[in-house]
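K.L.:
sharing a sequence plus its predicted fold:
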Amino acid sequence: MGVILLVLTSLLVIFIFSFLKVAYDTISCYFLTPRRIKKIMEKQGVRGPKPRPLTGNILDVASFLSQSTSKDMDQITHDTVSRLLPHYVAWSKQYGKRFIFWNGVEPRLCISETEMIKELLTKYSTKSGKSWLQREGTKHFIGRGLLMANGSDWSHQRHIAAPSFMGERLKSNAGLMVECTKNMLQSLRNAVESGLTEVEIGEYMSRVTADIISRTQFGSSYEKGKQIFHLLTELQSLCHQATRHLCLPGSRFFPSNYNRQIKSKKMEVDRLLLEIIQSRKDCVEIGRSSSYGDDLLGMLLNEMERKRSDGFNINLQLVMDECKTFFFAGHETTSLLLTWTVMLLASNPCWQEKVRAEVSEVCNGETPSIDHLPKFNLVSKNLPILSKSVPFTLNHAKQRAIILLAVKSMV
Ligand code: HEM
């Protein structure tokens, strides 16, 4: 009897202790820490719009955005910041070059002084990373892949992925890119010949970039890669709403429709990825192939087999997360850049003529190849102007403060 009483008392103490710890962590995360950060910022003269409990300034941002995007643009303008980040424009006018606003209980510190941005990116790069909300919101989408990795994990993962960014690897994929582009142009031609007078060019650009990424990532399994791409696009739009759904304490554990949808799509993506991985492994095991291949997936699988001296080993989940990350990071960016470029060329016929003349002079009737690239002056010199379409980057500094770096030239 005495023993049972002792066990029950211990269990009760553990329960009360755990309950108090969870209660304290919740209060600290949702009230004490935000209040402390707000005070520290105010002492340094950094102010911003008043946050509401739990949601911070999310509703203000949503209302700014719904106003700025309620109508189509009257004319094409490069001032995209006031349309896409209207809260930034309004608050920087009201509170100055440095201000703070709240994404739920996470602060976003906005800075626009070039020297400070440089200092942050050089001196404090190792202390920055992605915030809890960012990582939690994309957990079922790109997981702990490179884009969401922090600290030493990021360094290891970056080192492993480095070969994918090297010139030689990109060159070896040039043939694939040309082939995919030709297919896309043919389907565009077919659409025009069938009598269509208007086409949604963004869809074509999205398709060609998905096609290129599927082939460079998954090689021969690229048909399955395209299925993964469709599911990932759906997952991405669900994860866009994550901040709203993660505001309430513990909401990520609720069996809500939103959480169920995300989990089932994630499981479907992982299932398809596992099928591709398993078929690669089978090929090696039965001796049909001597390695996992030299595309991104092959490279990651080879890495998984290796025992690294630094003790950082990638597991199956990380291989899948990395594949999803590259898909996401490389797809929408390039597709939007191409769409924006085509839109600018369409609205500037004289530039179309100049570019067309350069292409026919450089290529001289041949299919464009990687060797032609250095000879393009007009196209490469004008790319920096187009690259302005990347307005900001997000980093998470120590103590859950987030820095929003705005590219000044955009404003
Ligand atoms: C026009 C094209 C592109 C633009 C404008 C662009 C822009 C960016 C930006 C702004 C970041 C930093 C994001 C952050 O840290 O929050 C980033 C990171 C990244 N991008 Fe791109 N990107 C482009 C194309 C690509 C392509 C084609 C790939 C690969 C297939 C790619 C893979 C990545 C990866 C893996 C990261 C994470 C890097 C790291 O954290 O070390 N990107 N990109």
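P.N.:
Now that the structure is in, tell me what you want to look at.
K.L.:
centroid-nearest residue for the protein?
P.N.:
Ala329 (5.0 Å; C-alpha atoms, centre = their mean).
K.L.:
now it. Nearest residue, chain neighbours left out?
P.N.:
Residue nearest to Ala329 in three dimensions, not counting chain neighbours: Leu147, with 5.7 Å by C-beta to C-beta, 6 or more residues apart in numbering. Just so you know, the C-beta spots here come from the backbone N, C-alpha and C atoms, and that holds for glycine as well.
K.L.:
am I right that the residue nearest to the centre of the chain is in contact with Met148?
P.N.:
No - using C-beta atoms under 8 Å, Ala329 is not in contact with Met148, being 10.6 Å away.
K.L.:
next, see if whichever helix in the chain runs longest gets close to the ligand.
P.N.:
Criterion DSSP state H: the longest helix present in the chain is helix 316-347. Yes - Helix 316-347 comes into contact with the ligand (C-beta under 6 Å from any ligand atom), by way of 325-326, 329-330, 333-334, 337.
K.L.:
in that helix, what counts as buried?
P.N.:
Residues of helix 316-347 classed as buried: 318-328, 330-331, 334-341, 344 (neighbour count, 16 or more other C-beta atoms under 10 Å).
K.L.:
again, but for stretch 155-174
P.N.:
156-157, 160-161, 164, 169.
K.L.:
what distance separates that stretch from the middle of the whole chain?
P.N.:
Centroid separation between stretch 155-174 and its chain, computed with C-alpha atoms, centre = their mean, to the nearest Å, is 18 Å.
K.L.:
is any residue of it near the ligand?
P.N.:
Yes - with C-beta under 6 Å from any ligand atom as the criterion, the ligand is reached by stretch 155-174 at Arg158.
K.L.:
does the ligand sit close to stretch 121-131?
P.N.:
No - Stretch 121-131 lies out of reach of the ligand by C-beta under 6 Å from any ligand atom, never closer than 7.3 Å.
K.L.:
wait, Tyr258 touches Gln241, no?
P.N.:
Yes - assessed by C-beta under 8 Å, Tyr258 is found in contact with Gln241 at 7.2 Å.
K.L.:
tell me which of those two has more neighbours.
P.N.:
Tyr258 (15 against 12; other C-beta atoms under 10 Å).
K.L.:
host element of the residue nearest to Leu378 when sequence neighbours are not counted?
P.N.:
Excluding the flanking residues, the one nearest Leu378 by C-beta to C-beta, 6+ apart is Glu358, at 4.8 Å. With elements taken from DSSP states H and E, the one containing Glu358 is helix 349-363.
K.L.:
and Leu59, by the same measure?
P.N.:
Counting by DSSP H and E, Leu59 is part of helix 58-68.
K.L.:
just the buried residues of that helix, please?
P.N.:
Applying 16+ other C-beta under 10 Å to helix 58-68 flags 58, 60-61, 64, 68 as buried.
K.L.:
now tell me what touches stretch 171-178 from outside.
P.N.:
212, 215-216, 367-370 (C-beta atoms under 8 Å, 6 or more residues apart in numbering).
K.L.:
please read the previous query as pertaining to stretch 209-221.
P.N.:
Residues contacting stretch 209-221 (C-beta under 8 Å, 6+ apart): 173, 176-177, 180, 183-184, 222-226, 228-229, 276, 279-280, 293, 295-298, 323, 326-327, 330-331, 334-335, 338.
K.L.:
now do the buried residues in that stretch.
P.N.:
209-219, 221.
K.L.:
show me where pLDDT drops low in the stretch 251-400 of the chain?
P.N.:
307-311, 379-400 (pLDDT under 70).
K.L.:
residues contacting Val61?
P.N.:
Per C-beta under 8 Å, 6+ apart, neighbours of Val61: 87, 101, 103.
K.L.:
okay, it: pLDDT?
P.N.:
Here the pLDDT value assigned to Val61 is 94.
K.L.:
interface residues of the stretch 201-350 of the chain facing the ligand?
P.N.:
So the stretch 201-350 of the chain meets the ligand at 325-326, 329-330, 333-334, 337 (C-beta under 6 Å from any ligand atom).
K.L.:
ok, so of those, who is nearest the ligand?
P.N.:
Closest approach to the ligand among these (C-beta to the nearest ligand atom): Gly330, at 2.6 Å.
K.L.:
what's the spacing between the residue nearest to the closest one when sequence neighbours are not counted and Phe328?
P.N.:
In space, and not counting its chain neighbours, Gly330 is closest to Ile213: 5.3 Å by C-beta to C-beta, 6+ apart. Counting by C-beta to C-beta, to the nearest Å, the gap between Ile213 and Phe328 amounts to 9 Å.
K.L.:
for Pro349, same thing?
P.N.:
35 Å.
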